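**Q** Predicted model and sequence below, questions to follow.
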Amino acid sequence: MKIASFNVNSIRARLPIVIDWLIKESPDVLCVQELKCQDQDFPQEAFQEINYSIAFKGEKSYNGVAIFSRLPIDDIKVGFNKKESYGPRLITVTINHIPIINSYVPQGFSPDSEKFIEKLDWFKKFNEFLNKNFDPEKPLLWMGDFNVAPESIDVYDPEKLYGHVGYHPDEHAALKRLMEWGFVDIFRKHKPGPGQYTFWDYRIKNGVKRNLGWRIDHIWATKTLARKSVDSWIDREPRLKEKPSDHTPVLATFEGL
């Protein structure tokens, strides 16, 4: 089973890139974030034409999450609960008997802002969501744009960036609690070296060429599922296209699923 996560930064703006990439890579499952598209405007037909089923929830100009699958999608749920107040940032499905969570974690704006407090609150709510709905001893995938670089090797300049949003000790503590719940970082299981990123800021001149990036897009799995992972990698090619997203896909393969 081949899975992937990709923050597309507008599904309609990036549609040709996403369709071409799906045809080329043919993942069984692709989790997408930052749709920036209302449900009625979502380009479903383009994905159905290449034989992908879709579960999605969007909103105008912001947020939005979707899951594309070559396999049947079951048990679709949006958000933490019916009182969700963070916008469409979380969608959960079951594919091939495996629960898959696709999340677009709030960015946080800056550590001295209310939005940063909301980000930490989101992680707290997510931990509660896991405890209520899932068992760390059973298969579970958590994927998406976590908006946190977990370690020093996950940012291009850890000394300069330490304490900034996305690489802040409070975020690291929140992410550590989630890993201790029972997750394995699948990319790091297979690729332990530095300089491997999924996001390059548009505002940094020649940022991709100079590799001034962050690894903030992730594929995590519970330990029982992580044992079946055979590889994980980042595909830079979509970030090098004309008018790309500022992110690029991260992928993983699992055997025996």
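**A** Sure, I can see it.
**Q** Mind jotting down where the strands sit in the stretch 101-250 of the chain?
**A** Secondary structure of the stretch 101-250 of the chain (DSSP state E, counting those that start in this stretch): strands at 141-145, 183-185, 217-222, 229-234, 250-254.
**Q** need the ones you listed in CSV with distance to Ala55, can you?
**A** For the C-beta atoms, the positions are set from N, CA and C on the backbone; glycine is no exception. Below are these laid out as CSV (distance: least, C-beta to C-beta, whole Å):
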stretch, distance to Ala55
strand 141-145, 13
strand 183-185, 22
strand 217-222, 18
strand 229-234, 23
strand 250-254, 19
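**Q** now those as JSON lines including distance to Asp112, mean neighbour count and mean pLDDT?
**A** Shown next, in JSON lines, are the strands of the stretch 101-250 of the chain (distance: least, C-beta to C-beta, whole Å; neighbours: other C-beta atoms under 10 Å; pLDDT from 0 to 100):
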{"stretch": "strand 141-145", "distance to Asp112": "22", "mean neighbour count": "26", "mean pLDDT": "98"}
{"stretch": "strand 183-185", "distance to Asp112": "29", "mean neighbour count": "20", "mean pLDDT": "98"}
{"stretch": "strand 217-222", "distance to Asp112": "25", "mean neighbour count": "25", "mean pLDDT": "98"}
{"stretch": "strand 229-234", "distance to Asp112": "31", "mean neighbour count": "16", "mean pLDDT": "98"}
{"stretch": "strand 250-254", "distance to Asp112": "30", "mean neighbour count": "23", "mean pLDDT": "98"}
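**Q** Among these, which comes closest to Phe134?
**A** strand 217-222 (8.2 Å; C-beta to C-beta).
**Q** distance between that closest one and the chain's centre?
**A** On the basis of C-alpha atoms, centre = their mean, to the nearest Å, strand 217-222 is displaced by 8 Å from the centre of the chain it belongs to.
**Q** strand partners of it, parallel vs antiparallel please.
**A** Using DSSP bridges, strand 217-222 pairs in its sheet with strand 141-145 (antiparallel), strand 183-185 (antiparallel).
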